[in-house]
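S.K.: requesting a structural model of the entry that follows:
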Amino acid sequence: MADVTNCKVAVLCGGWSDEREVSLTSGRASAQALLEAGFAKVDTYDIADREFVHAIADGGYDVAFVALHGRYGEDGCVQGFLELLGIPYTCSGVLASALATDKAMAKDIYREHGIPTPKEVCLYKGEGYDVVDLVGRVGLPAFVKPVSSGSSYGITRVTEASELPAAIEEAFHFDTRVLVEAAVVGTEITVPVLGNEDVRALEAIEVRYDTDFYDLSVKYDDPSKHHVIPPELPADVVERAKELACMAHRALGCSGTSRSDFMVDADGVPYIIETNVIPGMTPQSLLPDAASRAGMGFPQLCRKLVELALERGSRTTKRTND
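M.R.: All right, here's what the predicted structure looks like:
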């Protein structure tokens with residue numbers, strides 16, 4: 001591939017989701033890393049700015065580096081806009097982004113491809129439910145989570161049936177659909193993946209914490225306190241998780257990169273929880289940490305994501321004014 005550092009890059013971050021501040025941090029860090037990788041033309045945009053649309057449409061950009069998290073950025077919305085402009089972009093396309101963000105749809109796809117995932121019940125806002133029935137179907141402990149929210153917003157771990165109504169009400173503040181999902185007791189690991197058609201898993205990371213789950217207080221803390229690389233699990237279990245992460249990447253139709261989260265039970269079975277199509281790109285984030293263990297520094301990782309974006313190209317024919 002030709003020297004991609006000659007490309008003009010637009011870094012997209014911010015937006016309107018609950019993860020706006022994290023996205024801004026990811027965007028700033030990614031822009032700095034691209035400059036350190038040798039890119040001379042790097043502009044950063046908060047997509048919530050009123051002038052964003054015109055700036056991108058008229059800016060003559062060769063590629064967009066998407067550092068957005070949550071609604072309107074990770075769910076396929078911005079990707080569709082970039083498709084209309086014919087601008088290649090990092091990470092997954094419209095459909096894969098939408099599918100992975102919708103946890104209920106993603107779980108159906110996992111099962112269709114033989115990827116173990118915890119059992120769940122999907123609730124719809126305004127419809128009734130029976131607590132006894134929910135406990136009978138998914139058991140306890142359980143997680144209650146919005147279907148399409150990210151970064152642990154609206155998630156509650158419940159251990160008693162009496163806790164379900166409040167947890168469900170909290171989750172409905174973030175979405176019109178809510179999952180009540182069986183909690184797998186075991187070891188949490190995450191597996192980042194790189195590639196388009198040619199996919200490879202990076203080193204898995206065991207995630208340790210003293211809270212009920214990997215919440216915001218842990219995600220943006222010093223990674224040395226919580227990331228164990230490689231995981232302290234049997235090698236065959238880790239390799240199976242890597243295989244499943246690559247399977248999930250392909251099944252959802254992901255591009256560039258993804259990061260799948262697993263809970264490994266006492267029998268060594270990895271259960272996939274979700275797939276992130278735009279993993280965090282902050283100094284505390286899991287993907288950059290795993291890449292560094294593979295000898296790929298943060299600037300090199302960002303350059304690789306641009307290369308993968310250009311390799312795939314825009315999924316539409318670039319418009320002209322002819």
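S.K.: is it true that Pro279 touches Ser285?
M.R.: Yes. Checked against Cβ atoms under 8 Å, the pair Pro279 and Ser285 is within contact range at 6.4 Å. C-beta coordinates here come from the backbone N, C-alpha and C atoms, glycine included.
S.K.: for the stretch 201-322 of the chain, which residues score under the pLDDT cut-off?
M.R.: Filtered on pLDDT under 70, the stretch 201-322 of the chain yields the residue ranges 210-225, 314-322.
S.K.: can you map out the strands along it?
M.R.: For the stretch 201-322 of the chain, the strands defined by DSSP state E, counting those that start in this stretch cover 205-207, 227-228, 257-264, 270-276.
S.K.: pick the most deeply packed of these.
M.R.: Neighbour counts (mean count of other Cβ atoms under 10 Å) averaged over each of the strands of the stretch 201-322 of the chain peak at strand 257-264, with a mean of 26.
S.K.: partners of it, with directions?
M.R.: Its sheet considered, strand 257-264 pairs with strand 187-194 (antiparallel), strand 270-276 (antiparallel) by DSSP bridges.
S.K.: kindly reformat these as CSV containing distance to Arg303.
M.R.: Listed next are the strands paired with strand 257-264 as CSV, based on distance: least, Cβ to Cβ, whole Å:
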stretch, distance to Arg303
strand 187-194, 12
strand 270-276, 21
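S.K.: so which of the ones you listed comes closest to Arg250?
M.R.: Nearest to Arg250, of all the strands paired with strand 257-264, is strand 187-194, at 9.2 Å by Cβ to Cβ.
S.K.: in PDB, list the C-alpha atoms belonging to that closest one.
M.R.: In PDB, the C-alpha atoms belonging to strand 187-194 read as follows (Å, rounded to 0.1, in the frame of the first residue of the first chain):
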ATOM      1  CA  THR A 187     -13.700 -14.500  34.600                       C
ATOM      2  CA  GLU A 188     -14.200 -11.600  32.300                       C
ATOM      3  CA  ILE A 189     -12.000 -11.300  29.200                       C
ATOM      4  CA  THR A 190     -12.000  -9.200  26.100                       C
ATOM      5  CA  VAL A 191     -10.500  -9.900  22.700                       C
ATOM      6  CA  PRO A 192      -9.700  -7.200  20.200                       C
ATOM      7  CA  VAL A 193      -9.700  -8.100  16.500                       C
ATOM      8  CA  LEU A 194      -8.000  -6.400  13.500                       C
END
